[in-house]
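Colleague: quick one, structure for this:
(one chain, ligands or ions: 1)
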Amino acid sequence: MMRVKICGITNSEDAQDAVALGADALGFVFAKSSRRVTKERAKDIIEHLPPFVSPVGVFVDEAVEAIKGICNFCSIHTVQLHGNEDPLYVYDLKGYTIVKAFRIREEDDLEPLANYKPHAFLLDSYVKGVMGGTGVPFKWEIARQAHKYGTVILSGGLTPENVREAIHIVQPYAVDVSSGVESSPGKKNKVLMKRFIMNAKFQDG
Ligand SMILES: O=C(O)c1ccccc1N[C@@H]1O[C@H](COP(=O)(O)O)[C@@H](O)[C@H]1O
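Modeller: Take a look at the predicted model:
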C-alpha cells in the first residue's frame, strides 16, 4: 500500500482531516515558506494526533543543534533535510529517521545521492531560488533511476490528477505533497486531500 505524506501542515484542523483521510505522515516546515510553523504551534498539533501517524520536521540548511532542539520540543523523530546539507548531517543526526531531499532538474542531479546514507531519499523539483513547496513536477522518468541508491520518496508538483501516473512511472516507497492539496498556501483542501490519498493508495486488482 502506497504511503502518503501531507506536508506544510499549519493547523490542527488540516492535521486531523489528513489523518482521518488516511495520511501516513504529516510535514511541519521549519524553514522559509508560506507554510512555516513555530515549534509551539507544531507541538500543539502533534500532541493531539492519534497513534500511528509520523510527524516529520522539514528543515533547510538548519544547524544540527537547532534541529535537535525543535524535534525534542515537538516530539518529532523524523527529519527531512530539504537544503544543501552535507552527508555529515545524517551522521550528526544519528538516532533520528532521516529523509534527505534532492531537487532534480536532470539525471546528473542524482549523482550526489551516492554520497549519502539516509533512511530515504526524497526527490523534489528544482526551481531556482525556491527550496521546496513549488507545486512544479519534474521528469518522473529520472526518479526511476534513483532506486539503486535506496528508498525513494517522490514529491514535487504532485496532485490528485497526476499522482497515479507518477506512482506508475516511479514506483516510489511513498509520495509527498504540499501545494497540490491546498486551497491557498498553508490551508489544505479536504476534498483535494481525499482525492489525492484515494488515488495514491488505489490498487488495481
Ligand atoms: O512545503 C513547503 O513550503 C516547503 C518549503 C521548504 C522546503 C520544503 C517544503 N516542502 C516540501 O516540498 C516538496 C514539494 O512540495 P509541492 O508538493 O511541490 O508543493 C515536498 O517534499 C514538501 O515536503
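Colleague: next up, the contacts around residue 136.
Modeller: 125, 127, 156-157 (Cβ atoms under 8 Å, 6 or more residues apart in numbering). To be clear about C-beta, it is placed using only N, CA and C from the backbone, and glycine gets the same treatment.
Colleague: one more: residue 116?
Modeller: Applying Cβ under 8 Å, 6+ apart, the residues contacting residue 116 are 87, 90, 100, 149.
Colleague: how close does it get to residue 71?
Modeller: Residue 116 sits 19 Å away from residue 71, going by Cβ to Cβ, to the nearest Å.
Colleague: try residue 139
Modeller: Distance from residue 139 to residue 71, by Cβ to Cβ: 33 Å.
Colleague: residue 138 too?
Modeller: 28 Å.
Colleague: repeat that for residue 45.
Modeller: 14 Å.
Colleague: which of the contacts of residue 136 come close to the ligand?
Modeller: 156-157 (Cβ under 6 Å from any ligand atom).
Colleague: my read: residue 151 touches residue 171, true?
Modeller: No. Using Cβ atoms under 8 Å, residue 151 is not in contact with residue 171; the gap is 11.6 Å.
Colleague: what residues sit buried inside the helix or strand of the chain at the bottom of the mean pLDDT ranking?
Modeller: Taking mean pLDDT, DSSP states H and E as the measure, the chain has helix 88-92 as its least confident helix or strand, at a mean of 93. Of the residues in helix 88-92, 89-90 count as buried by neighbour count, 16 or more other Cβ atoms under 10 Å.
Colleague: the residue nearest the centre of the chain: what's it in contact with?
Modeller: Centroid check for the chain by Cα atoms, centre = their mean gives residue 176 as the closest residue, at 4.6 Å. Residues near residue 176 by Cβ under 8 Å, 6+ apart: 4-5, 7, 25, 27, 122, 153-155, 158.
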